[in-house]
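1. A structural model of the following input is requested.
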Amino acid sequence: MENFFKLKERGTDVKTEIMAGVTTFMTMAYILAVNPFFLSEAGMDFGKVFAATAIASAIATLIMGLLANLPFALSAGMGLNAFFAYTVCLGMGYTWQWALSAIFVEGIIFILLTFFNIREAIVNSIPTNLKKAISAGIGLFIAYIGLKNAGIIVVNDSTVSALSADWFRGPAGVAIIGLIITSILLVRNVKGALLIGIVITTLVGIPFGVTTYAGGSFVPSAPYFCNFAFGEITANGRSLFDFVVVVFTFLFVDMFDTVGTLIGCAGKSGLIKEDGTIPNAKEALFADAVGTTAGAMLGTSTITTFVESAAGVAEGARTGLSAVTVAVLFIVSLFLEPLFGSIPSAGTAPALIIVGVMMITPITEIDFSDMSEGIPAFLTAIFMVCASSISDGIMFGILSYVVCKLFAGKMKDLPFTTWVVAILFLAKIIVGTL
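-> Take a look at the predicted model:
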């Protein structure tokens, strides 16, 4: 195990990696309840989607751990599952089989892009300062997710507000108590502080009525298998056009969400090399591509690298052993659906907020005195939070970087691959306006 995962070389040990893996899993366990809920809105069976999500996540994360030897976990991407259910199925009127077909095609395209090193080239094309801004932006985004999921801040059509009157009751009250407890554990340098904080916060939620037993069966359901609708896709020209647009949307969002997460988490874990590249990036992207393809075959939405992996990184995860631990827990979760479904958002919120604190530190390394670097870096981070999208943050960061360097007379700072990525983003904007 020492030789395979290179534990000493990366300054870690078995206990740290396993503890960090458990922490990562606990912070993302909510997806096992949220993803089936979203897809059931599109007419899919909750239990089958739960099983598909757990199995596809385990497959992808196991590849990440064994092949890439990186401490990152994968599961059904938030945002993409909502797009699947509310836009493609409920909004555009297509069946969930049609939507799964789009994800399957996206996964195949991803595998080809990864095989020919195109996705790895995209990762390496992002400028150093933007990589630091991505890490900080993801930190802010994770903290925002925690605050919003717990109800500490409330988002509506006109504003984002902090409901101070509700801070000491319900989910918000539980999350704030958990945040205080987790903060105390961290400043006291307690090992496994984030995991312990999640457990304690979940227990605190019981008398508040926030943590409740979800119910359900401990016998796992069989997932779907290859429920595609390619005949429906070619039924008419409109359906075929919509299919191309939907595949492109899944492809684009997944690609840059994954790229952003890999850069952010790798930067925080100190795994980015001196030349700015990520070790085994191709293998990491391959895990994402295979996970998406397998997920579509089993009956779940796009599989992507999770930003919550940063929670494990914060606990010391540095190798694939942490990812393997997460994969094993996904398999175990198949038999514990009612228990994992009982972990409230308020229980994981404190850990997500603290991870935000930990991930924002790279922003101090950005030279904001150079506006051609500072403006794109700022836009990268702020759009991730305001647009609730890692890929949108990268898009505005890259496009503004090209514009700023162009008018600053610093064309030499723009490698060819950065131009290519910028053109791809412009294409996305154009397609989105059609």
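
2. Low-confidence regions, this structure specifically.
-> In the prediction, the chain carries residues with pLDDT under 70 at positions 157-166, 432-434.

3. Run the chain-centre distance for stretch 351-361.
-> Relative to the centre of its chain, stretch 351-361 is centred 15 Å away, using Cα atoms, centre = their mean, to the nearest Å.

4. Where do the strands of the stretch 251-400 of the chain begin and end?
-> 303-305 (DSSP state E, counting those that start in this stretch).

5. Kindly report the same for the stretch 101-250 of the chain.
-> Going by DSSP E, counting those that start in this stretch, the stretch 101-250 of the chain shows strands at 153-155, 160-162.

6. Walk me through which strands the first one pairs with, and which way each runs.
-> With DSSP bridges as the criterion, the sheet partners recorded for strand 153-155 are strand 160-162 (antiparallel).

7. quick one, phi/psi of the spatially most central residue of the chain?
-> Centroid check for the chain by Cα atoms, centre = their mean gives residue 306 as the closest residue, at 2.8 Å. Note on residue 306: backbone dihedrals following degrees, to the nearest 10 are phi -90, psi 140.

8. so what's it up against?
-> Contact analysis of residue 306 by Cβ atoms under 8 Å, 6 or more residues apart in numbering lists 24, 28, 31, 72, 73, 74, 75, 77, 261. Just so you know, the C-beta spots here come from the backbone N, C-alpha and C atoms, and that holds for glycine as well.

9. Kindly indicate which of those lies nearest residue 419.
-> residue 261 (23.6 Å; Cβ to Cβ).

10. what sits against the residue lying closest to the closest one once chain neighbours are set aside?
-> Nearest residue to residue 261 in three dimensions, chain neighbours excluded: residue 305, at 4.5 Å (Cβ to Cβ, 6 or more residues apart in numbering). Neighbour list for residue 305: 64, 72, 73, 74, 257, 258, 261, 262, 265, 284, 287, 288 [criterion: Cβ under 8 Å, 6+ apart].

11. surely residue 290 meets residue 61?
-> No - the criterion here is Cβ atoms under 8 Å, and residue 290 misses it with residue 61 at 10.9 Å.

12. Neighbour count for the two, which is higher?
-> residue 61 (33 against 23; other Cβ atoms under 10 Å).

13. how much space between the more buried one and residue 75?
-> Residue 61 sits at a distance of 8 Å from residue 75 (criterion: Cβ to Cβ, to the nearest Å).

14. shared neighbours of the two, anything?
-> With Cβ under 8 Å, 6+ apart, residue 61 and residue 75 have common neighbours residue 330.

15. just curious, which of the contacts of residue 306 is nearest to residue 371?
-> residue 261 (27.5 Å).

16. which residues touch the closest one?
-> Residue 261 touches 72, 138, 304, 305, 306, 307, 309, 390, counting by Cβ under 8 Å, 6+ apart.

17. Swap in 10 Å and give it another go.
-> 72, 74, 77, 134-135, 138, 284, 288, 304-310, 390 (Cβ atoms under 10 Å, 6 or more residues apart in numbering).

18. if we can go back for a sec, give me the distance between the residue nearest to residue 261 and residue 266.
-> For residue 305, the distance to residue 266 - Cβ to Cβ - is 10 Å.

19. Touching both of the two, which residues are there?
-> Joint contacts of residue 305 and residue 266 (Cβ under 10 Å, 6+ apart) are 70, 72, 284.

20. Give the helix, strand or coil label for the second one.
-> Under the three-state scheme (DSSP: H, G, I helix; E, B strand; the rest coil), residue 72 adopts coil.

21. May I have the residues that are in contact with it?
-> 24, 60-61, 64-65, 258, 261-262, 265-266, 269, 271, 284, 287-288, 305-310, 312-313, 317, 320, 322-323, 326 are the contacts of residue 72 under Cβ under 10 Å, 6+ apart.
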